[in-house]
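A.B. asks: only geometry, no sequence info:
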């Protein structure tokens, strides 16, 4: 159960200006900053070791290794079908690895029973590609959903918390709206407010930038960075969007054919001369990821030999 | 060619067996997680509104017309034997024993069953069920079980209302329109219809139909491929499978319930 009082205190600290000496709040601001630094220790929140997984006979992950340190924004990039979303599903415990270990906060996700898994998931948030908002209830009720399911907070307290979360994503004024009335960007932001409703330690984002206009793109990117810093979260972002994600991430993993092909900071990635990373970062049509899907020889498909015969 | 055909039959058989196993496991999980549906009765009441109350119009109107047709056809047949006073008995027994539970169940499958499948299927396709799981909320307990019990509770009530409206329709045609004696209509009905043999058996039938239709609708929605085509196919399968299940179950139940009558 989340404590309303502790949440409200944390939120109050986080909402203070960085230079908060006015009104005698400088000490509190320093305390908040100290708390934030505590989150940024070298401790790993997510550890993926030699994980293998496949759908049926098709292998997707082939002994992948990956770590996410507390307080960081980590990007997982790669071409479609390389296993990025599968990684998120493994971390969330929706699927289990056929080999290897996925550890979140020191617990092996694959070994947990349903009660253990649900206990761990209360400390996680997930932003789905298109928001996955519950379409039969309002924006307010979507954000309040987890608070009502997992806490015994009175409705007044829930109302305040929901309004704070919606304010954080800039949509307090849309609380009464239904999901069908929202634009794609707004739906994504409401889903983000819902994902952080229980103050999780880890938030996973599945393609958060897909299909957004440039303004919504910038807003979403900034929100991910700002919420990670102010709430002391760890963020795992699965994305294709190089330009937007490299502005906000601390570390990047490039996944190709079920393995980590490259990793490093945003600067490392931009400077990388690995062919796969170079092709991806510069959006080249052909390279290690070929333009043409494997097919018989072009001349054979056009039956050029047959015509001449 | 032959090898491919045999392989196809084998593949379909294995898929069918797998589906039966999955459906059984799904149904047992629904029963296991049914506690939520009763602890948080508001969830079930909300679903009773959607499955039961919103089906009232089609059930009541259909019941009225079926009863009116029974009145016309029954009078036509009974007057041949000079026993048109027995019209009330004919209308009431036909409705309470058979037509009430069966026709109401078929209408329930078309109206509420298809809606349940489409709703659950779309929730799956738009990742709402996955989102729920990631929020540590069990979708079977939170979404499926309340809908299941709402269907089971709604079905006998709808069947009873269908029968009541049918009897009213028979009365309107037989007594008001044609002029059958009102006293005979009601008194013969009262003396011929037995609570245990007729009404209770009708209620048992409609409860069984409610379980079958709602379980099929929920399973088809939960198992639907997460595409537009997948949800549409699942909705169609719900109506077809549950209608056939109702008719088959009706035969079996009737054979057991009324075997002493001959």
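C.D. replies: Cool, got the structure. Bear in mind that the values here come from a model prediction, so they are computed numbers and not experimental data.
A.B. asks: wait, does the lowest-mean-pLDDT helix or strand in chain B make contact with chain A?
C.D. replies: Least confident element among the helices and strands of chain B, by mean pLDDT, DSSP states H and E: helix B:35-39 (a mean of 86). No. Using Cβ under 8 Å from any Cβ of the partner chain, helix B:35-39 never reaches chain A; the gap is at least 10.5 Å. Glycine gets a C-beta too; all of them are placed from N, C-alpha and C.
A.B. asks: quick check: buried residues in that helix?
C.D. replies: B:36-37 (16 or more other Cβ atoms under 10 Å in any protein chain shown).
A.B. asks: which strands or helices does that helix pack on?
C.D. replies: Helices and strands touching helix B:35-39, by 3 or more Cβ pairs under 8 Å, 6 or more residues apart in numbering or on different chains; DSSP states H and E, are helix B:41-51, helix B:145-171.
A.B. asks: if I look at residue A:275, how far off is chain B?
C.D. replies: 34 Å (Cβ to the nearest Cβ, to the nearest Å).
A.B. asks: for the closest residue to that residue other than its chain neighbours, give me its contacts.
C.D. replies: Using Cβ to Cβ, 6 or more residues apart in numbering or on different chains and skipping residues adjacent in sequence, the residue nearest residue A:275 is residue A:288, 5.0 Å away. Counting by Cβ atoms under 8 Å, 6 or more residues apart in numbering or on different chains, residue A:288 touches A:256, A:275-276, A:279.
A.B. asks: same thing with residue A:102?
C.D. replies: Residue A:102 makes contacts with A:46-48, A:51, A:90-91, A:108-110, as judged by Cβ under 8 Å, 6+ apart.
A.B. asks: check which helix or strand covers residue A:66.
C.D. replies: Assigned by DSSP states H and E, residue A:66 belongs to strand A:58-69.
A.B. asks: who touches the helix or strand following that strand?
C.D. replies: Once the chain leaves strand A:58-69, the next helix or strand it forms, by DSSP H and E, is strand A:73-77. Strand A:73-77 is touched from outside by A:66, A:68, A:84, A:87, A:224-225, A:228, A:234-240, A:242, A:245-246, A:248-255, A:280, with contacts defined as Cβ under 8 Å, 6+ apart.
A.B. asks: can you do 7 Å?
C.D. replies: Residues from elsewhere that reach strand A:73-77 (Cβ atoms under 7 Å, 6 or more residues apart in numbering or on different chains): A:68, A:84, A:87, A:224-225, A:228, A:235-240, A:245, A:248-255, A:280.
A.B. asks: wait, residue A:253 sits on residue A:259?
C.D. replies: No. Using Cβ atoms under 7 Å, residue A:253 is not in contact with residue A:259, being 10.3 Å away.
A.B. asks: about what we covered before: need the contacts of residue A:102 in JSON lines (columns: neighbour count, distance to chain B and secondary structure).
C.D. replies: As requested, the contacts of residue A:102 are exported to JSON lines (neighbours: other Cβ atoms under 10 Å in any protein chain shown; distance: Cβ to the nearest Cβ, whole Å; DSSP: H, G, I helix; E, B strand; the rest coil):
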{"residue": "A:46", "neighbour count": "23", "distance to chain B": "15", "secondary structure": "strand"}
{"residue": "A:47", "neighbour count": "17", "distance to chain B": "20", "secondary structure": "strand"}
{"residue": "A:48", "neighbour count": "24", "distance to chain B": "18", "secondary structure": "strand"}
{"residue": "A:51", "neighbour count": "24", "distance to chain B": "19", "secondary structure": "strand"}
{"residue": "A:90", "neighbour count": "23", "distance to chain B": "13", "secondary structure": "helix"}
{"residue": "A:91", "neighbour count": "25", "distance to chain B": "10", "secondary structure": "helix"}
{"residue": "A:108", "neighbour count": "14", "distance to chain B": "18", "secondary structure": "strand"}
{"residue": "A:109", "neighbour count": "24", "distance to chain B": "12", "secondary structure": "helix"}
{"residue": "A:110", "neighbour count": "17", "distance to chain B": "16", "secondary structure": "helix"}
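A.B. asks: what would the residues you listed look like in a markdown table with distance to residue B:114 and pLDDT?
C.D. replies: Shown next, in a markdown table, are those (distance: Cβ to Cβ, whole Å; pLDDT from 0 to 100):
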| residue | distance to residue B:114 | pLDDT |
| --- | --- | --- |
| A:46 | 42 | 91 |
| A:47 | 46 | 91 |
| A:48 | 43 | 91 |
| A:51 | 41 | 90 |
| A:90 | 36 | 92 |
| A:91 | 37 | 93 |
| A:108 | 43 | 91 |
| A:109 | 38 | 91 |
| A:110 | 38 | 87 |
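A.B. asks: picking up where we left off before, name the residues that touch the least confident helix or strand of chain B?
C.D. replies: For helix B:35-39, contacts defined as Cβ under 7 Å, 6+ apart pick out B:43-44, B:141-142, B:145-146, B:149.
A.B. asks: and the two most separated of those residues?
C.D. replies: Pairwise distances across the contacts of helix B:35-39 (Cβ to Cβ) peak at 12.9 Å, for the pair B:142 and B:149.
A.B. asks: what about the two, which has more around it?
C.D. replies: residue B:149 (23 against 20; other Cβ atoms under 10 Å in any protein chain shown).
A.B. asks: ok, the more buried one touching residue B:44?
C.D. replies: Yes. With contact defined as Cβ under 7 Å, residue B:149 reaches residue B:44; the gap is 5.3 Å.
A.B. asks: and the residue positioned nearest the centre of chain B, what are its phi and psi?
C.D. replies: Nearest to the geometric centre of chain B sits residue B:105, at 2.7 Å (Cα atoms, centre = their mean). Residue B:105 adopts backbone torsions of phi -70, psi -40, taken as degrees, to the nearest 10.
A.B. asks: next, count neighbours for residue A:294.
C.D. replies: 5.
A.B. asks: can you check residue A:222 too?
C.D. replies: For residue A:222, using other Cβ under 10 Å, the count is 13.
A.B. asks: picking that back up, and residue A:253 and residue A:259? Which one has more around it.
C.D. replies: Shown here are residue A:253 and residue A:259; by other Cβ under 10 Å, residue A:253 has more neighbours (26 against 15).
A.B. asks: now render the contacts of residue A:288 as JSON lines, adding secondary structure.
C.D. replies: Listed next are those as JSON lines, based on DSSP: H, G, I helix; E, B strand; the rest coil:
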{"residue": "A:256", "secondary structure": "strand"}
{"residue": "A:275", "secondary structure": "helix"}
{"residue": "A:276", "secondary structure": "helix"}
{"residue": "A:279", "secondary structure": "helix"}
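A.B. asks: closest to chain B out of these?
C.D. replies: Closest approach between the contacts of residue A:288 and chain B, by Cβ to the nearest Cβ: residue A:256, at 25.5 Å.
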